[in-house]
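Undergrad: this is the structure alone, sequence omitted:
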């Protein structure tokens, strides 16, 4: 075996989410994007006595448990992680991943209550961000998702099952409009062209759509014609706003330098557990409304009586959990580093008539120094990186009796829990939630209490 050889191997085991392990001629190799039981062709990139490095060249034979993909683009689209894995098996894989991370960090698992599945496995996303581009250089225009393993390429996913069918209808109409108009999409390498992204958001409670077109300023848009093309669609949901965002930033991410409302309004209202939240084109908001409501209801329900208590909600985002707790607590202080999210939290608190919650924009480690109050209990909902050591030590220094940890990453959660245990806390219960079916993401709610309280 030498560099450049293409060989066939059988995936014997799998590391979460899809790193396959195989052996060939007695040597062990890792195969990206592979499931246990699959036979795949791999190209040898490096081979010596110590290791084999390979690239997955494609599936030769699927595993016996695999099902037919739910959409016709799963081979190319990077939107779904497990398009062929039965849902019950996905739940078991995710449950095993949480347990593995806890065990690897010597966190007791006797309080683990398993994983709760999602009620909807299709059309559950209330927001989709699409990109204009092509699938091959000089190819036909596309509007859709980044191609798996080839980030610069875009695949039009006309039958995506993660989003409402109306999203597919809108993307098809927008793509057709620009093809007929003959306006070139933005080229990331040449930094020329017009249309860059299309963002569609939906209010689940009110069946309303907010459509946001993101372009450069290099061409002009026939606004009336564009609006007519969208309003003429026969949709189940109601379009309440069409906006146009201008972005000439060379960085490859959605950035708002300026925004114009072409029709209707630039927001809608969503409801979670009886509270109203104003959602704008760039609001930070939970992607699965039903699942977020279920997770937050369970998580807040874990807390002991909050009446008359001061609660810190750290990494609070737009303050969803803060406002739920503010319905009963004496006072809630939310801290979030993203200023736009804090502004939204403050506005939504006013909308809901809550005057007992305040929000601070800043890094948690630094912002805590500006808070005079001492918390009776603390809620943390950190990003995927988890709580950094300095911030975690400062949180633990409060020595509150109860901490609620809401996690989106089992690895960093387990690492943080290990530190908490070493600081005199015990893990009371851990329950995971499947909020994003067919993806690798896992949410978890953990109740933590100080020992001898």
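TA: Yes, it's here. The shown structure was predicted, so the numbers you read here are calculated from the model rather than taken from an experiment.

Undergrad: residue 89 touches residue 65, doesn't it?
TA: Yes: here residue 89 lies in contact with residue 65, judged by Cβ atoms under 8 Å, at a distance of 6.5 Å. All C-beta atoms are positioned from the backbone trio N, CA, C, and that covers glycine.

Undergrad: so what's residue 76 up against?
TA: The contact partners of residue 76, by Cβ atoms under 8 Å, 6 or more residues apart in numbering, come to 135, 147, 148, 155.

Undergrad: neighbours around residue 59, how many?
TA: One way to gauge burial is a neighbour count; for residue 59, by other Cβ atoms under 10 Å, it gives 18.

Undergrad: what mean pLDDT does the host helix or strand of it have?
TA: Counting by DSSP states H and E, the secondary-structure element that holds residue 59 is strand 52-61. pLDDT averaged over strand 52-61 equals 95, rounded to a whole number.

Undergrad: centre of the chain to it, how far?
TA: Here strand 52-61 is found 28 Å from its chain centre; the criterion is Cα atoms, centre = their mean, to the nearest Å.

Undergrad: and whichever helix or strand comes after that strand, what does it pack onto?
TA: For strand 52-61, the following helix or strand on the C-terminal side (DSSP H and E) is helix 87-104. Using 3 or more Cβ pairs under 8 Å, 6 or more residues apart in numbering; DSSP states H and E, the elements in contact with helix 87-104 are strand 112-116, helix 410-422, strand 425-433.

Undergrad: so which other helices or strands are in contact with the last one?
TA: Using 3+ Cβ pairs under 8 Å, 6+ apart, the elements in contact with strand 425-433 are helix 87-104, strand 112-116, helix 289-302, helix 410-422, strand 443-450.

Undergrad: parallel or antiparallel, list what pairs with that strand.
TA: For strand 425-433, the pairing partners within the sheet under DSSP bridges are strand 112-116 (parallel), strand 443-450 (antiparallel).

Undergrad: closest to residue 251 out of those strands?
TA: Residue 251 lies closest, by Cβ to Cβ, to one member of the strands paired with strand 425-433: strand 443-450, at 29.1 Å.

Undergrad: now the closest one against helix 289-302, angle please.
TA: Counting by axes from the mean of the first three to the mean of the last three Cα atoms, to 10 degrees, strand 443-450 lies at 10 degrees to helix 289-302.

Undergrad: and strand 443-450, how far from the chain's centre?
TA: Taking the mean of its C-alpha atoms, strand 443-450 sits 21 Å from the chain's own mean (Cα atoms, centre = their mean).

Undergrad: ok, now stretch 53-71?
TA: Average the C-alpha atoms of stretch 53-71, do the same for its chain, and the two points are 24 Å apart (Cα atoms, centre = their mean).

Undergrad: endpoints of that stretch, how far apart?
TA: When the termini of stretch 53-71 are compared using Cα to Cα, to the nearest Å, they are 31 Å apart.

Undergrad: identify the residues contacting it?
TA: Defining contact as Cβ under 8 Å, 6+ apart, one finds that stretch 53-71 is touched by 6, 8, 11, 29-47, 75, 77, 80, 83-86, 89, 122, 157, 159-161, 438.

Undergrad: count the residues that sit near residue 285.
TA: By the criterion of other Cβ under 10 Å, residue 285 has 22 neighbours.

Undergrad: report the separation between residue 186 and residue 295.
TA: Distance check for residue 186 against residue 295: by Cβ to Cβ, to the nearest Å, it reads 36 Å.

Undergrad: residue 436 too?
TA: Separation of residue 436 from residue 295 (Cβ to Cβ) stands at 11 Å.

Undergrad: what sits against residue 155?
TA: The neighbours of residue 155, taking Cβ under 8 Å, 6+ apart as the test, are 73, 76, 77, 135, 142, 144, 145, 146, 147.

Undergrad: then residue 429?
TA: The contact partners of residue 429, taken as Cβ under 8 Å, 6+ apart, are 111, 113, 302, 446, 447.

Undergrad: and of those residues, the nearest to residue 94?
TA: Sorting the contacts of residue 429 by distance to residue 94 puts residue 113 at the head of the list, at 13.7 Å, by Cβ to Cβ.

Undergrad: quick check: that closest one vs residue 262, distance?
TA: Counting by Cβ to Cβ, the gap from residue 113 to residue 262 is 48 Å.
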